[in-house]
Each structure stands twice: as structure tokens, then as C-alpha cells.
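What follows is a predicted structure for the sequence shown.
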Amino acid sequence: MSVQHYLSRRKASPLTLWKKVNDLGDIIDFFKNTHKNITTNMKIIRTPKNKFAWIVTGLFQSDGYFSLIIKKNKTSKFGIDVSLILGINLTLASLPLLQQVQVYFGCGKISIDKTRKMCLFSITELSSLWHVVLPHFMLYPFFGDKQVSFIRFVQILTLLYPYNKKFKPALLLGKVIYLGYFLNPGSNRTTTEFKNLFKILNLDIEIVINSINQEHLNNITKYFKQNNTLINIYFIIGVIEGDGSFYVGLRTNRKVRFGFNITTHIYELDLLYKIKWSLNCGNTKIKSDNWCRYEVEGSKILRNLFIPIVDSIGLLGSKANNFETFKEAMNIFTKKEHLTDEGLRKLAEIVYNNTSKKGIGRKYTLEQYLQINNLST
């Protein structure tokens, strides 16, 4: 189903449609009744009916984040306030992709940082997070640690939503801070800062912990159970849009090497194994204490599997140009044109000039590579 078709089924804005939906179970029922052609059993299948929805989830799985924002507020009784954000940062070349994501959700804003050549899509309104974002990720869920973090995000959202645009009591702020301060794995927030916030609120941490209704939190968790761990290709395309890389290695002995990889945080290691099992090829490796990688090498498997898969769905972000360069180089290689001086020179010029990094990160410049291989004109 296209984004436009999906949105055309909404006869009013998302907030108007869901303004009376106040329970997680109600949200699921509402989506079942209004989008009958969308699978709602929360199983991940290879042929999903809403393809772009899975691409969105895959994209946020790789590069998206949800976080608790704690900021000073002079108008607040306690001098601080809290809010939630769902966001994703991509290079400026991925702006068309983020614009499609914004159209899909029907809310949120896009900010552009021209200095860093980055663009940010974010949703901060509690109403949009509750009525639009939550239903999407319940029907098209995350995997692994990302899903665990999102469930905690939802638990915090259920506490904050009843106080939307209202005064927030100290105990509520304490609960939210306790649950969300270390929401994201790898956060650089410190325990000292965490404890200082409770001093500002004049709260004992133990009292806050005892006041949290664990049964309520557990009831929320049950809505996110998954019965099927298969990953569909549209989800994988979303991950590729965020963390995927097609590359062409040029050796000084005139040999050409093709590869594809997905590099992500070590917390996503289980996800990379699932992608490997789903595609039935490649290797998953731990690269360091913080990073892991799924990689596939070899022109045959890339030419016969990956290129047709990505071609059949397409890319919208910054990876689209690199993928086209990858295909062009592969075409020269497949025809064995690279075995001639002219063909190898053409392949090298394509790889160096058409990729987003323009040769940055390679051991040799284009001129040096051509000279080493006696290809200079």
C-alpha cells in the first residue's frame, strides 16, 4: 500500500480520528476496524500489506531514537519540566525520505542544519505520540533492545499523557525521571545528575520507586509480545536506509571487491543475526565493544540477490546514489570490462566521483590509484 493510499483512508486528521481513544487496547481495536486490510496480529511476515509502514519501522530501528527531555523551566513550580521526543537524524541527502515519513505520520516537523548537512524529523506533541506514533509501532514493532526501550517509552507516555498541558506534580515528575532518565542504552547521562534531579524535586528515590504501579507497567508490556521473529524485506530496506552501506573496493593489484554491510551498535547484535537468517547469507561479526556488523561479500550473491531486492523496492535516502554507483560498477565488472585499462579506469572514476564521500576514507586518491595501476592518461 502506498503512502498516499494509506493516508487517503483517513477521513480526518489523525488527532481527530483518535481523540477519544484512551486505552492501548482501544487503539488496537480502532486500527483493526478502520484499517481492515492491514495485518494486526503483530506477527512479522515476509509479504506485509502495508510495505512503507515496515520501511518506517526499519528506518527508526536503525537511526531513530526516543528520549526523555529534561529542561529548566522558570515558570514551573520545581524549576524543571519533562517531555518526550521521537526523532531521527539523517544526512541532508535523505531529506526526501524524511519528508515521506512526515507525510506518512501526518505530524511532526523537519529541521535542517545546513552547517552539518543534516536533517532531523521529530515528534514531541504528546497527542501525536499517543494517537499516531504509538499505534504505528504497536502494529509494526521494533526488535530486540529497541523494542525494550520503546516499551519503557510507552510506559512513560501513559504517565504523562493525562497531564498533557496541565500541571505536573512532583511525584509524577519523579516517576517519569526514574523510568526514563537512562532510557537509551549508551546514554552519557550520569548517576550524579540523576540523583540531583530528585534533590531538586525534594523526593526520596525509594518513595518514588514504591509509588510506581508495576502491575500497570506489566499490563502495557503484554501488548507488545511478538509470536513470530521472521523479518520481512521492507523492514530490512528501512534498516539499510539508516545503517546500510554498499561499497566497491579497488585494490592496487587491479582486483575489484564488492560488498554490503549493516553496521550498528552492539545492542543490535541479535537484530543482525535475524537479518542474516532471513536473507540466508552473509556473516555477522562483533567489531568492537560498541559495534557489530552484518556483511555480505562476493559479486555473485550481491548481483543475484541484493541488487534485485533493493531495485524492486527502491531507496529514497542518501543511500540511493551510492546504490546506483554500486550497480553501475557491478555492471562493468559483470561484463568483464574492468579487465581492460579503459574499463578499469572508467569503473574507478565512477566509484570515486559518484559516491557521497567522493573518495574520502580511501587509502589512495583517484589520481594515485590510476598511477599505481598504470592507468593514468
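Noted; the coordinates are in hand. The structure displayed is predicted, hence computed values, not measured ones.

Quick one: list the elements packing against the longest strand along the chain.
Scanning the chain for the longest strand, with DSSP state E as the assignment, gives strand 80-91. When contacts are defined as 3 or more CB pairs under 8 Å, 6 or more residues apart in numbering; DSSP states H and E, strand 80-91 sits against helix 51-63, strand 64-72, helix 95-105, strand 118-123, helix 144-160, helix 170-180. Quick note: C-beta positions are derived from backbone N, CA and C, even for glycine.

same thing but at 6 Å, please
Packing partners of strand 80-91 (3 or more CB pairs under 6 Å, 6 or more residues apart in numbering; DSSP states H and E): strand 64-72, strand 118-123.

Describe which strands that strand pairs with in its sheet and in which direction.
Within its sheet, strand 80-91 is paired with strand 64-72 (antiparallel), strand 118-123 (antiparallel), according to DSSP bridges.

neighbours of the spatially closest residue to residue 150 that is not a sequence neighbour, just the number please.
Nearest in space to residue 150, with sequence neighbours left out and distances taken as CB to CB, 6 or more residues apart in numbering, is residue 142 at 5.4 Å. One way to gauge burial is a neighbour count; for residue 142, by other CB atoms under 10 Å, it gives 22.

Residue 142 in helix, strand or coil?
Assigned by DSSP: H, G, I helix; E, B strand; the rest coil, the conformation of residue 142 is coil.

what separates it from residue 86, distance-wise?
Distance from residue 142 to residue 86, counting by CB to CB, to the nearest Å: 12 Å.

okay, and for the stretch 51-200 of the chain, where does confidence drop off?
Within the stretch 51-200 of the chain, the ranges that satisfy pLDDT under 70 run 185-186.

what's the burial count for residue 86?
Using other CB under 10 Å, residue 86 has 24 neighbouring residues.

do the same with residue 87
Summarising burial for residue 87: neighbours were counted as other CB under 10 Å, giving 18.

That one pairs with what?
Applying DSSP bridges to residue 87, the residues it is bridged with are residue 65, residue 122.

The residue lying closest to residue 51 once chain neighbours are set aside: which element?
The shortest distance from residue 51 to any non-neighbouring residue, by CB to CB, 6+ apart, is to residue 234 (4.6 Å). Assigned by DSSP states H and E, residue 234 falls within helix 233-243.

how far away is the residue sitting nearest the centre point of the chain from residue 84?
Central residue check for the chain by CA atoms, centre = their mean: the C-alpha nearest the mean position is that of residue 60, 2.1 Å away. Distance check for residue 60 against residue 84: by CB to CB, it reads 15 Å.

same deal with residue 220?
15 Å.

can you check residue 168 too?
Summarising the geometry, the distance separating residue 168 from residue 84, computed by CB to CB, is 13 Å.

which of these two has more neighbours?
Each of residue 168 and residue 84 has its neighbours counted (other CB under 10 Å); residue 84 has more, 24 against 18.

which one is residue 353 nearest to, not counting chain neighbours?
Counting by CB to CB, 6+ apart, residue 366 is the residue found nearest to residue 353 once chain neighbours are left out, at 7.5 Å.

show me where the stretch 201-350 of the chain has helices.
When assigned using DSSP state H, counting those that start in this stretch, the helices of the stretch 201-350 of the chain occupy the ranges 205-211, 214-221, 233-243, 269-279, 299-301, 307-313, 319-334, 341-354.

could you measure residue 141 against residue 268, distance?
Noted for residue 141: a distance of 15 Å to residue 268, by CB to CB.

okay, these two: which has more neighbours?
Neighbours were tallied for residue 141 and for residue 268 using other CB under 10 Å; the higher tally belongs to residue 268 (25 against 21).

which residues sit in contact with residue 341?
If a contact means CB atoms under 6 Å, 6 or more residues apart in numbering, then residue 341 has residue 375 as its contacts.

Any figure for the gap between it and residue 351?
For residue 341, the distance to residue 351 - CB to CB - is 16 Å.

Count the neighbours of the nearest residue to residue 344 once chain neighbours are set aside for me.
The shortest distance from residue 344 to any residue other than its chain neighbours is 4.7 Å, reached at residue 338 (CB to CB, 6+ apart). The burial metric for residue 338, expressed as a neighbour count using other CB under 10 Å, is 21.

who's in contact with residue 338?
Contacts of residue 338 were listed using CB under 6 Å, 6+ apart, and they are 256, 332, 344, 347.

Would you agree the last one is in contact with residue 331?
No - counting by CB atoms under 6 Å, residue 347 sits too far from residue 331 to count as a contact (9.4 Å).

And the two? Which one has more around it.
Neighbour comparison, residue 347 and residue 331: the larger count goes to residue 347, with 21 against 14 (by other CB under 10 Å).
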